[in-house]
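**Student:** pasting the structure only:
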Ligand code: SF4
Ligand code: SF4
């Protein structure tokens with residue numbers, strides 16, 4: 001089987017937000033919508049405090065509360081672990097937004113563009129009228145993954161089969177791959193480094209792992 005996951009090395013992230021910008025470019029998300037965020041967090045107790053930059057997005061949970069909350073089956077989990085959103089089936093009720101503990105979902109009433117009425121080239125290419133009035137979120141760049149696999153590429157290894165945020169990171173803080181493959185980049189990193197998953201006590205089964213040895217950080 002395949003089980004896709006992302007590993008975020010908090011020791012490496014410098015908070016540049018290049019991944020946020022790469023996601024916006026790749027997915028043409030409208031103003032105010034950030035499928036990928038990088039949150040500036042202070043941890044510790046004075047005077048032993050530390051500033052940490054925490055990239056976050058949909059965690060493609062194993063037990064996704066958004067899927068359980070969705071009354072129209074617009075949100076589903078694929079066999080490879082990716083949680084998808086079907087814009088045509090979504091009725092825009094927003095129950096999934098309330099259910100998600102990671103604040104990873106956005107409802108857009110009227111899709112607009114970064115600079116007025118005229119779309120930029122990437123916005124024109126990606127514009128989808130079905131996204132008006134419904135909920136959207138990070139897809140792990142599922143189209144890129146599927147197209148890459150069809151060409152015989154490996155997600156997390158070949159850039160043309162890998163999420164845009166991972167490809168863009170200037171600090172090599174992000175890794176993507178198959179947790180069911182013991183030799184994958186993500187499996188090796190988790191074997192070799194202390195890590196945590198956010199809100200693990202809530203049983204969501206997040207598939208975003210943070211390399212960090214100073215305790216859990218909660219957003
Ligand atoms: S992070 Fe939120 S939107 Fe993503 S699968 Fe989990 S509950 Fe659903
Ligand atoms: S691109 Fe890399 S270093 Fe920059 S904010 Fe994103 S994860 Fe951090």
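**Tutor:** Arrived safely. On a predicted model such as this, the values are computed, not experimentally measured, just so you know. Ligands and ions are numbered 1, 2, ... in the order given.
**Student:** which residue, other than its chain neighbours, is closest to residue 93?
**Tutor:** In space, and not counting its chain neighbours, residue 93 is closest to residue 71: 6.5 Å by C-beta to C-beta, 6 or more residues apart in numbering. Quick note: C-beta positions are derived from backbone N, CA and C, even for glycine.
**Student:** ok, residue 80 next?
**Tutor:** residue 2 (4.4 Å).
**Student:** thinking that neighbour is in contact with residue 180, fair?
**Tutor:** Yes - Residue 2 lies in contact with residue 180 (C-beta atoms under 8 Å); the separation is 5.8 Å.
**Student:** ok, which stretches of this structure are helices?
**Tutor:** Ranges of helices within the chain are 18-27, 65-69, 95-99, 121-126, 142-150, 164-168, 185-192, based on DSSP state H.
**Student:** mean pLDDT for the ones you listed: which is lowest?
**Tutor:** Among these, helix 121-126 has the lowest mean pLDDT, at a mean of 93.
**Student:** most packed of the helices of the chain?
**Tutor:** Mean neighbour count (mean count of other C-beta atoms under 10 Å) peaks for helix 164-168 among these, with a mean of 21.
**Student:** which residues touch the residue lying closest to residue 27 once chain neighbours are set aside?
**Tutor:** Leaving aside its sequence neighbours, residue 27 sits nearest to residue 35 (C-beta to C-beta, 6+ apart; 6.2 Å). Residue 35 sits next to 23, 27, 29, 57, 58, 104, 106, 136, 137, 138, 139 when contact means C-beta atoms under 8 Å, 6 or more residues apart in numbering.
**Student:** and if you look at residue 2?
**Tutor:** Contact analysis of residue 2 by C-beta under 8 Å, 6+ apart lists 79, 80, 81, 178, 180, 181.
**Student:** circling back: mind checking pLDDT for the residue nearest to residue 80?
**Tutor:** 97.
**Student:** so how far is residue 9 from it?
**Tutor:** To residue 9, residue 2 is 22 Å away according to C-beta to C-beta, to the nearest Å.
**Student:** any chance of CSV for the helices of the chain, columns distance to residue 49?
**Tutor:** Compiled in CSV, these are given as follows (distance: least, C-beta to C-beta, whole Å):
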stretch, distance to residue 49
helix 18-27, 24
helix 65-69, 32
helix 95-99, 32
helix 121-126, 39
helix 142-150, 38
helix 164-168, 27
helix 185-192, 27
